[in-house]
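Undergrad: quick one: sequence and predicted model below, then my questions.
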Amino acid sequence: MSGKDESKLGSNYIFCGGCPRSGTTLLQRIIGNHSTVFSEQEFQYIPSHLVPFRRAISDGISQHNVDRIVDHSSLDEACRAFVNTVFKTKLEEVGKQVFCEKTPANALFIPEILEMFPKATFVLIIRDPRDVVNSFRGVRNRYLSKNLEPPKFVRSIARSVRELNRYLDSSIVAQRDDPRVLIVYYEDLVANPEKEVRKICAHTKLKFEMKMLDIKQSAAKIPAQKSELWYSREGLSAAISKSGVVTGKQLLSESEKNLISLFTNRYPELERYALPNRPPSMIEKLQFKATKIDGAISSKFNKRT
């Protein structure tokens, strides 16, 4: 296969994803600080529009509704052509060779993204579920402080855990037995950045550069619309640190953290977080369900005030 064909299949693409608030932006800032990589705003339309579009037409082909017009191979070629045109144009404009696309929801569609771009690599980041939901709480508070309605999945513990499980269920199974996908743990990345970044470079075939660790000096402009509700300016320009791990600012009660631990879906990939290996009691089930009601009431109250 020629180099041109390899490029069309995503050999110079790195896709990143993970549950929101798991460290996807930190991961993007690190990879995007490589001298050959372009990575700025999230090109969020691949998981939100392109994959559903591909699914719909693929179903139509399989059901013989459009199979005399297009086949699966032509469909994938058309989807690739769109993304390749966008990414290639930008790479040529900025003089870079590798496009790193980070949208958290990429993690929901790993198999389909890698079917379209079989030569691409994927980096999946995972974080302690309690810290993810704690960060959700921070987002919720920022929305409410501006008298804005928060996204549904940050309004309560129950909704947040459901969103977290949606990501875990899709991404963890998808990465197994697929060498194109690398799992990176947020806690490892902030505790031993050089070791983890070297691992990322080996996986993505980038040559490790020490400047990747110095993200405080990065000129990458990652913020998007409403980003101030999701990130502080300080956070987007901060160095790699452990400040976001459990020892950082805690917004959850011990009871809430216990509920998160109990209701997060179990996977061997999460064993390091020592989630309790027991079913929740009836009282805990009721407490978990009640958080959804409390979240709705709190949101309405804050909007009125």
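TA: Okay, I see it.
Undergrad: buried ones in the host helix or strand of Ser73?
TA: Using DSSP states H and E, Ser73 maps to helix 72-94. For helix 72-94, the neighbour count (16 or more other CB atoms under 10 Å) marks Leu75, Asp76, Cys79, Val83, Asn84, Phe87, Leu91 as buried. Using the backbone N, CA and C atoms, a C-beta is placed for each residue, glycine as well.
Undergrad: which one of those residues is nearest Pro150?
TA: Nearest to Pro150 among the buried residues of helix 72-94: Val83, at 31.4 Å, using CB to CB.
Undergrad: contacting residues for that closest one?
TA: Ile46, Leu50, Met116, Phe117 (CB atoms under 8 Å, 6 or more residues apart in numbering).
Undergrad: also Arg137?
TA: Val154, Ser160, Leu251, Leu252.
Undergrad: how close does the residue of the chain positioned farthest from its centre get to Ser62?
TA: For the chain, the largest distance from the centre (CA atoms, centre = their mean) belongs to Arg68, which lies 37.1 Å off. Arg68 sits 13 Å away from Ser62, taking CB to CB, to the nearest Å as the criterion.
Undergrad: strands of the stretch 101-250 of the chain, start to end?
TA: Remark: strands assigned in the stretch 101-250 of the chain by DSSP state E, counting those that start in this stretch are 121-126, 181-185.
Undergrad: most packed of the ones you listed?
TA: Of all the strands of the stretch 101-250 of the chain, strand 121-126 carries the top mean neighbour count, a mean of 26, counting by mean count of other CB atoms under 10 Å.
Undergrad: given it, what are its sheet partners and their directions?
TA: Here strand 121-126 has these sheet partners by DSSP bridges: strand 13-17 (parallel), strand 181-185 (parallel).
Undergrad: please name the nearest non-neighbouring residue to Leu229.
TA: Sequence neighbours aside, Arg142 is the residue nearest to Leu229 in space, at 5.0 Å (criterion: CB to CB, 6 or more residues apart in numbering).
Undergrad: kindly apply the preceding question to Val190 instead.
TA: Take Val190 and drop its neighbours on the chain: the residue closest to it by CB to CB, 6+ apart is Lys242, 4.9 Å away.
Undergrad: any idea how far Ser261 is from the one you found?
TA: In this view, Lys242 and Ser261 are 21 Å apart by CB to CB.
Undergrad: same check, this time on Ile183
TA: For Ile183 relative to Ser261 (CB to CB), the value is 20 Å.
Undergrad: in contact with Glu163, which residues?
TA: By CB under 8 Å, 6+ apart, the neighbours of Glu163 are Cys19, Pro20, Phe136, Phe153.
Undergrad: with Lys119 instead?
TA: So Lys119 contacts Glu6, Leu9, Gly10, Ser11, Tyr13 (CB under 8 Å, 6+ apart).
Undergrad: tell me, how many residues neighbour the last one?
TA: So the one you mean is Tyr13. 22 (other CB atoms under 10 Å).
Undergrad: now for it: which residues touch it?
TA: Phe87, Val98, Phe99, Cys100, Glu101, Phe117, Lys119, Ala120, Thr121.
Undergrad: quick one: contacts for the fifth one?
TA: Under the criterion of CB under 8 Å, 6+ apart, the contact partners of Glu101 comprise Tyr13, Ile14, Phe15, Cys16, Ser39, Glu42, Phe43, Ile46, Phe87.
Undergrad: hang on, isn't the last one packed against Phe99?
TA: Going back to what we said before, that points to Phe87. Yes. Phe87 lies in contact with Phe99 (CB atoms under 8 Å); the separation is 4.4 Å.
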